[in-house]
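Colleague: Turn this into a structure:
(2 chains)
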Amino acid sequence: MAACLQTSPLLAGEETQAWAPPARPPVAGASVNADQGARDALAQVARMWFKAEWQNYAATFVTPDGRIVDNANGNVSHSEGQGYGLLLAVYAEDSERFDKIWRWTEAHMMVRPDHLLSWRWDPQKGAITDPNNATDGDILVAWALARAAQKFDRPDYRASAALIADAIGATLIKTSDRGPILLPAASGFTHDDQPDGPVVNLSYWVFPAFPTLKQLAPAYDWDALSANGLKLLSAARFGPLRLPPDWLSLGGPAPAPAEKFPTQFGYNAIRIPLYLAWDGAPSARRALSGFVNLWRGPRSAGPYVIDVNSGSAEQTLDGAGYRLVLALARCVALNLPIDEGVIKARDSLYYPNTLRLLSLAAIQERFPQCF
Amino acid sequence: MFLRRPLVITAMLVLAGTAVRSQGVNSNEPPPAPLFADAPADPSAPQSAADAPAAVAPIDLPPISAPPPVVQASATGGWDFSPPKPQPTDAPDGAAASKSRDGEIDLTALRYFAGQGDLARVAAEIRRLREKHPGWQPPQDLFAQQGNGAVEKPLWDLFAQHDYDGVRAGVAAIQDKNPGWQPSSELMTKLSLAEADEQLVKASDAQQWGDVINIAAANKMLLTCSNVDAIWRTAEALARTDDEPRAAEAYRYILTACAKREERLATVQKAEQLLKSPDDLEGLFRLGRRLPNGSSEFDSVRLDLIRQKVGDAAAGKPGPEAIQSEIDQLAAHARNANDRSDQQLLGWLAYSRKDYVQAESWFSMALKPGPDPKAAEGLVLTLRGAGKIADAQKLAVQYAGLGPLNRKLMIEVLTAALGDPAATPLAPGDLVTLAQAIDQAQSAEGAQLYGWHLYNANDVAGAADWFRKSAEWQPNEAAAVGLIVTARRLHDTHDYAELVAKYRDVYPKVAELEAAIGGRKTPTAQASSNGTARSLGGGGGGWDKNADAIAKAMQSGNVDRTLAMLDDRKSRGVGEPSGLSVIRGWALFQKGDWEGAKKVFAGLRDKQEQVEDAEFGLATIEHAELPPSMRR
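Modeller: Numbering: from 1, shown residues only, chains lettered A, B, ... in the order given. Next up, the predicted model:
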């Protein structure tokens, strides 16, 4: 197994399969103990493999000073990416890199007075180009910091996490006619900003993070926020395919795809099944059922960006990460094993590759049977 | 440039007026998966998700998820079974192709994928339809069953019990109580299909072929791998209405798209019965999957079909004849696999065609590993048919012990030789074998034949024994006649009268015989005054010493000498009294010259001389002339 960990950096090129995961240990066993043993072994392999993949990922997308590079968007960095980087580093038990990423994030993005992160940093300018926040980035950073505080025994991380969590609670959780909602950013999405506002993004409900945020900022009702997210999700199913849009308007008599945004189930909403699966609670699993048929395995069509109103396929969600997210959803909701090729395939772009690593993190932590 | 995730924020909203940002690197996304309809760059790609199986099979979909290529409306209004041809999307009739007869957009594939719950395919099909029909909006009820479950549960239960009327009634009842309620499209789609399936089966059972085709055409989704029976029935309807190309197409669809082995085998069997074109059939056989041992999955079926044809032909049943290439195929298998039953089958086919050379070769091959009753029977019959009587007899005796049929055949072959004056006389050993076999088999037939053999050889007493056995084992006319004539010739008056009385009303032949003899006294009664000769010939005018000598020669059993003396007398110009003519008749008969004997007896009868003896002689010859199988 040790040899497996010393992998070369990810080769350029999409979905290269140069590196093979370790063989899966036998699962069946004659006794309960043997079963348990097999499960433990599988979990261990999944952990080691995730760590190896993290090393590949870090070598490609994390700069030595701790900046996560979105190579599909002019090599900018954003709070979401920093949050994902922190989260993956703590799952990979990479304390050194975690610290570098956090130092960079703190130094370059924590420029607002309210302890939220400015969402976008441009290497051309060497500076923040939009001071607004992105709520999912804030949530991810707070969640990762809190986990790291515990894992690496760093109370200072927890203090930072609590500041961010409080800021989210104070600035971004709002009451509405439809229950507590999470604004996508401090500015730009309320009734005053959007013709059909408030507008929310259901993929910003990072369900597995809420229990941690509840501990960090107990003054806010994270449980209600989480439950309302599921409720909104069940209401926000549109068109013949009953899919939620990336951007959802709550300003009208009923939820609707937001006017000023493409009416798509797309690059944002693809994360909804990831977070639902990762959460794994029965209510979240039930909500997963609306997504499990978006892609049905390696020889199936899709997944696609879909116009939610017409149900029409638009461009292909072309990347191993999107497929792994949906394969994980199928495994968690339907107990269908994930095809080995889907687990192995890699991406060359930041976003799908990140989704892939997140899925692997969820698998090694909670669903080794899917591995 | 493709749109990517909006990581949006106010400043951008203000600046760009849009909430998206572009994806910089991977701007040229590949077209959607080529199995889907809308890749105009690849004209060979199927244009519909519901396209041809060939487009589906290579990506290894579970066959049941592949809707068939079936019946599509064609421009002429007929129904076209052939898979839709790839159509360029800009073709003027491109849109029409996915419209059904009444001009509505064909949602069959869409509903099908929706029924399967395959969102990706539904989305791709919607895209395809929207490209062809700009402005078209898909129905919103594609997945209407969601949330309908509890209400519909009883309806689904009825559906599961095939109570389709009950489902319709249930839907109406719910709608009565809840105006505006709609059953799920899944339920209604499945219900319509199930009802159509019922109708199709009914029409097919009633041989209403036109109805079958219409129902299938109106319900394309019936014709999937999950309901191969419907495809079979449709194919049969097409074949029976002389639309062989589309029938073949239907079979081809199954063999291309459907996986179940038994169904695939049954498909080629059905096709074989219904398709007339050997080329069509051959094409289907070629779709057989390769088995691990390198053979095709259909090889066995194909051989079975040939066997059936060959077997029918060999048995003289009407039906399609095996063509030479098929026979060659079976022959190759028979040889290579050393398949004894196929070797025999080919033997019987050759035998039925009187190709005794081939038949002998096949039966001999089948006998190589060891004795086999049927193969032995075939070989003996073949040799007999080929005129190799001696060989047939030899092998008949050799194989007689294999089974009752073989013994019977042996008796038949040997006794046939007995009754045939042209046949080589049996060796004494064979005669013993034959007699033993007849006894062992208690063959009434064999016994009466053997009796006649002895009778003709002048062993009248021996003949009587066999006739008696024969009548005992199985009463029959030939034995009865034999018993009567032997009684007469043995001068056994009592037996004669008793036998005639016993059989007269049972066997017409006996009645005829008695009538011919005219109920006169037996020759014995007249014999004493004229000496022994009288008992045979009965005198006649011109009887002399030479005539006595000839009669004596005859009585001594020396037929050749008798005939020589008769001919000598004739050549000397001495007249032949009618009594001597009777002797001549019997002598010729015993020499096997039945025609000569017949002429003599007939001449006597015509001259009204020695009529009684003449009639008796003629009756005996007539009986002896019948083939053994007709002597009962």
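Colleague: Can you give me the domain assignment for the chain?
Modeller: No chain was given, so I picked chain A. A:54-171, A:202-244+A:263-371 (automatic domain parsing).
Colleague: Wait, chain B was what I had in mind.
Modeller: With domains defined by automatic domain parsing, chain B comprises B:1-30, B:442-519, B:538-630.
Colleague: Please work out which of those domains is packed deepest.
Modeller: When you average the neighbours per residue for each of those (mean count of other CB atoms under 10 Å in any protein chain shown), domain B:442-519 leads with a mean of 20. To be clear about C-beta, it is placed using only N, CA and C from the backbone, and glycine gets the same treatment.
Colleague: Report the rounded mean pLDDT for that domain.
Modeller: Per-region confidence: domain B:442-519 scores 82 on mean pLDDT.
Colleague: Tell me the confidence at the residue of the stretch 151-300 of chain A found nearest chain B?
Modeller: Going by CB to the nearest CB, chain B is nearest to residue A:188 of the stretch 151-300 of chain A, at 3.4 Å. pLDDT recorded at residue A:188 is 94.
Colleague: Can you lay out the domains of chain B as TSV showing distance to chain A?
Modeller: What follows is the domains of chain B, written out as TSV (distance: least, CB to the nearest CB, whole Å):
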stretch	distance to chain A
domain B:1-30	3
domain B:442-519	68
domain B:538-630	69
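Colleague: Can you lay out those as TSV showing distance to residue A:103?
Modeller: Output for those, formatted as TSV (distance: least, CB to CB, whole Å):
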stretch	distance to residue A:103
domain B:1-30	23
domain B:442-519	113
domain B:538-630	113
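Colleague: Take the domains of chain A and lay them out in TSV including mean neighbour count.
Modeller: Converted to TSV, the domains of chain A look like this (neighbours: other CB atoms under 10 Å in any protein chain shown):
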stretch	mean neighbour count
domain A:54-171	21
domain A:202-244+A:263-371	22
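Colleague: and those, which one is worst for confidence?
Modeller: In terms of average pLDDT, domain A:202-244+A:263-371 trails the rest of the domains of chain A, at a mean of 93.
Colleague: Is there contact, residue-wise, from that one to chain B?
Modeller: Yes - judged by CB under 8 Å from any CB of the partner chain, domain A:202-244+A:263-371 comes into contact with chain B at A:239-243, A:264, A:266-268, A:293-296, A:299-304, A:306, A:310-316, A:318, A:349, A:351.
Colleague: Touching, residue B:430 and residue B:395? I think so.
Modeller: No - look at residue B:430 against residue B:395 with CB atoms under 8 Å: they stay out of range, at 11.9 Å.
Colleague: Compare those two and say which is more crowded by neighbours.
Modeller: Counted by other CB atoms under 10 Å in any protein chain shown, residue B:430 and residue B:395 do not tie: residue B:395 has more neighbours, with 23 against 19.
Colleague: hang on, isn't the more buried one packed against residue B:380?
Modeller: Yes - contact criterion CB under 8 Å: residue B:395 and residue B:380 qualify, at 5.2 Å.
Colleague: Where does pLDDT dip in the stretch 51-200 of chain B?
Modeller: Within the stretch 51-200 of chain B, the ranges that satisfy pLDDT under 70 run B:51-103, B:144-150.
Colleague: hey, where'd the strands end up in it?
Modeller: Assignment of strands within the stretch 51-200 of chain B using DSSP state E, counting those that start in this stretch yields the ranges B:72-73, B:79-80.
Colleague: The stretch 251-371 of chain A now?
Modeller: Using DSSP E, counting those that start in this stretch, the strands of the stretch 251-371 of chain A run over A:256-257, A:264-265, A:304-307, A:313-316.
Colleague: ok, now the stretch 201-350 of chain B?
Modeller: For the stretch 201-350 of chain B, strands defined by DSSP E, counting those that start in this stretch do not occur.
Colleague: residue boundaries of the helices in it?
Modeller: Here the stretch 201-350 of chain B has its helices, by DSSP state H, counting those that start in this stretch, at B:209-218, B:228-240, B:244-257, B:261-274, B:278-285, B:299-314, B:324-336, B:340-352.
Colleague: Who are the contact partners of the residue lying closest to residue A:304 once chain neighbours are set aside?
Modeller: Spatially, and ignoring its direct neighbours in sequence, residue A:304 is nearest to residue A:313 (3.9 Å; CB to CB, 6 or more residues apart in numbering or on different chains). Neighbouring residues of residue A:313 by CB atoms under 8 Å, 6 or more residues apart in numbering or on different chains: A:302, A:304, A:305, A:306, B:32, B:36, B:120, B:123, B:124, B:126, B:127.
Colleague: cool, and residue B:602?
Modeller: B:614, B:618.
Colleague: Try it again at 7 Å.
Modeller: Going by CB atoms under 7 Å, 6 or more residues apart in numbering or on different chains, residue B:602 touches residue B:618.
Colleague: For residue 183, list the residues it contacts.
Modeller: Picking chain A for this. Counting by CB under 7 Å, 6+ apart, residue A:183 makes contact with A:135, A:172, A:174, A:189, A:190, A:198.
Colleague: To clarify, I was referring to chain B.
Modeller: Contacts of residue B:183 (CB under 7 Å, 6+ apart): B:152, B:155, B:171.
Colleague: Among these, which one sits closest to chain A?
Modeller: Nearest to chain A out of the contacts of residue B:183 is residue B:152 (CB to the nearest CB; 17.4 Å).
Colleague: Verify the contact between that closest one and residue B:187 for me.
Modeller: Yes - shown here, residue B:152 and residue B:187 form a contact pair, counting by CB atoms under 7 Å, at 5.9 Å.
Colleague: coming back round to it: so which helix or strand takes in the residue of the stretch 151-300 of chain A closest to chain B?
Modeller: Using DSSP states H and E, residue A:188 sits in no helix or strand.
Colleague: what's the neighbour count on it?
Modeller: Using other CB under 10 Å, residue A:188 is surrounded by 21 other residues.
Colleague: In contact with residue B:355, which residues?
Modeller: For residue B:355, the contact set (CB under 7 Å, 6+ apart) is empty.
Colleague: How much space separates it from residue B:238?
Modeller: As for residue B:355, its distance to residue B:238 is 39 Å (criterion: CB to CB, to the nearest Å).
Colleague: Could you export the contacts of residue B:183 as a markdown table, including distance to residue B:299 and neighbour count?
Modeller: What follows is the contacts of residue B:183, written out as a markdown table (distance: CB to CB, whole Å; neighbours: other CB atoms under 10 Å in any protein chain shown):
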| residue | distance to residue B:299 | neighbour count |
| --- | --- | --- |
| B:152 | 48 | 20 |
| B:155 | 47 | 24 |
| B:171 | 50 | 18 |
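Colleague: Adding distance to chain A as columns, could you present those in TSV?
Modeller: Below are these laid out as TSV (distance: CB to the nearest CB, whole Å):
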residue	distance to chain A
B:152	17
B:155	22
B:171	22
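Colleague: Cheers, nothing more for now.
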